[in-house]
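S.K.: The following comprises the amino acid sequence and a computationally predicted model.
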Amino acid sequence: MLYNFGFSGARMAVSALGSFLISVIIARSLGTQNMGSYSFFVWVAGTIASLSSLGLPDAISKYVAEHRGLGEDTLAAQVARHILSAQIIVSVFATLIGAIVWSLLEHHQIGSIVLAISTVLPSALQQTLFAMMEGEQRFDLQVLAALAGTVIQIAVVSIFALLLPSIQGFLFANLISSVFLLGIAYFTSRFMMESASSNEEAAYPHLKRLLNFSLSVYALWLLNLIVFDKSEMLFLRILKSPQQLAYYSIAFALTARLGTAADSISYVLFPMFVTRLAQKGNAALNLSYSRSIGYVQVVMVPLCLWGISLFPRLIVFAYGKQYSGIVAVIQILLAAMMFSVTLNVSSCVALALERQRSILHYMIFVAALNVILDLLLIPRYGALGAALANGVSQATAAISITFSLQRVLPASFPIQMSLKIYLAALLSVVPILYADLIVKANILFLLLSGVLASMTYIALLGRLRVMSKQETDALKASIAALKFRKPG
């Protein structure tokens, strides 16, 4: 399992670093005004791609993991083929409808719309293929695909930054990169769809259950679209200037990439939760869930606190003074993230238990709260109001879903462990604050203070005995086992 965590974390790190470099290149090339417009095009195309998902990526991850765990390899491959076929059909349909509607609303920008909307199909398929690798627990292949795709994307964007640094130029670069990444993802995962049997009808009895699962997940996603997926972009587009849109889009993207540290853990946990539930029932899932919450908090809470202290100087250094308006926005998002870091793990458990419908009423309330906060805060505070509305909504959703799971998995939330983690993280940020506020250190020494903060944090975790002896022994055993195990 530690190999999987390592590979998943490596994939997220590669993607996060690549996205950051690409964001800096595009932002410096376009300026705040054009960056806001470019971000909106990318957001709309990404939203349409997500709308075309129909919950199929979650379904392929869950059911491939479930059937593989039960030794039904042929059935897993057949289910994967059916889901990918459905994804292609839905994505093509969504692309056509989206292109028509978007063109009617903004007919004066047909060229940019075509370039942006053309990424819908490759983006949707790439997401589903990566989810299939997740279900197969082939995180090593995810790393290879992400690394190759990121290198190509940086190269393509850099070329366009030199030759055609415009909104349409970068949209075209995004399209080229999406097609390449889709090709790489298919090449690395195509064997997972091969099976000894050609009897496709064998998968039909399972399709009804699969469809019910994917549509209920999709209903949750539609609410998540309001709460988590930058719905504030639409309000900022209508109510504020492109500069405010640029500030928020960059800040949201950076914090979302930081959040991929939690994603890298949850992507490994989801197929593991599904397999463990199928094999051993709720009792085993309860223990796994409790430990996973602690592991996510150990990683994410200090990263959020260190980011609040480090990002102000780093943002201006990387993007330039014209983007200094990002600083307060990203600090608000990071502060809120400290209270929503458990959301991904809790969602994975809910999906593994197929209890996604039971949390719909929570999400309806949170979505309504998010829209109300957007309307109240964005007109007056712009990107700052958007960050506050988004942060409060995400934290509310995370807390609500955690409480709902306590009914099924009682006493599963590690309260004592969580308090110790937050205390250790708060104390560890002192070296960064001292270097920044007292010494006024330069960027190099500020980064070194982050290293000192991480060492302090690790020492405090040991001092506070955050992990029990049983958990420490289990971790040591897993690390020792790595010496005798090869990935894949």
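M.R.: Here it is on my side, so go on.

S.K.: nearest residue to residue 63 other than its sequence neighbours?
M.R.: Residue nearest to residue 63 in three dimensions, not counting chain neighbours: residue 79, with 5.2 Å by CB to CB, 6 or more residues apart in numbering. (C-beta placed from N, C-alpha, C; glycine too.)

S.K.: biggest helix in this structure, by residue count?
M.R.: Ordering each helix of the chain by length in residues (DSSP state H) puts helix 2-51 first.

S.K.: Roughly how far does the residue nearest to residue 63 sit from residue 112?
M.R.: Separation of residue 79 from residue 112 (CB to CB, to the nearest Å): 38 Å.

S.K.: likewise residue 385?
M.R.: 27 Å.

S.K.: Of those two, give the one with the bigger neighbour count.
M.R.: Using other CB atoms under 10 Å as the criterion, residue 385 and residue 112 rank with residue 385 on top: 26 against 20.

S.K.: ok, and the more buried one, which helix or strand is that part of?
M.R.: Residue 385 belongs to helix 383-405 when assigned by DSSP states H and E.

S.K.: wait, isn't residue 436 in contact with residue 448?
M.R.: No - applying CB atoms under 8 Å as the test, residue 436 and residue 448 come out as separate, 11.9 Å apart.

S.K.: So what does residue 340 have for phi and psi?
M.R.: phi -120, psi 10 (degrees, to the nearest 10).

S.K.: Flag the shaky bits of the stretch 301-450 of the chain, pLDDT-wise.
M.R.: Scanning the stretch 301-450 of the chain with the threshold set as pLDDT under 70 gives 351-352, 354-358.

S.K.: ok, which stretches of it are helices?
M.R.: 326-337, 343-352, 360-381, 383-405, 415-428, 430-433, 443-463 (DSSP state H, counting those that start in this stretch).

S.K.: Switch the ones you listed over to JSON lines; also include distance to residue 92.
M.R.: Formatted as JSON lines, those follow (distance: least, CB to CB, whole Å):
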{"stretch": "helix 326-337", "distance to residue 92": "35"}
{"stretch": "helix 343-352", "distance to residue 92": "27"}
{"stretch": "helix 360-381", "distance to residue 92": "28"}
{"stretch": "helix 383-405", "distance to residue 92": "31"}
{"stretch": "helix 415-428", "distance to residue 92": "45"}
{"stretch": "helix 430-433", "distance to residue 92": "49"}
{"stretch": "helix 443-463", "distance to residue 92": "46"}
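
S.K.: between the ones you listed, which gets nearest to residue 174?
M.R.: Closest to residue 174 of the helices of the stretch 301-450 of the chain is helix 326-337 (CB to CB; 21.1 Å).

S.K.: The closest one packs against which elements?
M.R.: Contact here means 3 or more CB pairs under 8 Å, 6 or more residues apart in numbering; DSSP states H and E; on that basis helix 326-337 packs against helix 242-280, helix 282-319, helix 383-405.

S.K.: right, and the ones you listed - which one's nearest residue 45?
M.R.: helix 242-280 (13.3 Å).

S.K.: I'd like the mean pLDDT over that closest one, please.
M.R.: Per-residue pLDDT values across helix 242-280 average out to 68.

S.K.: hmm, back to that, do you know which of the helices of the stretch 301-450 of the chain lies nearest residue 316?
M.R.: That would be helix 326-337 among those, by CB to CB, at 7.4 Å.

S.K.: Check the offset of that closest one from the chain's centre.
M.R.: 17 Å (CA atoms, centre = their mean, to the nearest Å).

S.K.: for the helices of the stretch 301-450 of the chain, which one sits closest to residue 64?
M.R.: helix 343-352 (13.5 Å).

S.K.: Does anything pack onto the closest one? Which helices or strands?
M.R.: If you count contacts as 3+ CB pairs under 8 Å, 6+ apart, helix 343-352 packs onto helix 56-69, helix 242-280, helix 282-319, helix 383-405.

S.K.: and those helices as a markdown table, adding distance to residue 19?
M.R.: Compiled in a markdown table, these are given as follows (distance: least, CB to CB, whole Å):
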| stretch | distance to residue 19 |
| --- | --- |
| helix 56-69 | 19 |
| helix 242-280 | 5 |
| helix 282-319 | 13 |
| helix 383-405 | 19 |
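
S.K.: so of the ones you listed, which one's packed in deepest?
M.R.: Sort the helices and strands packed on helix 343-352 by mean neighbour count, taking mean count of other CB atoms under 10 Å, and helix 56-69 sits at the top with a mean of 25.
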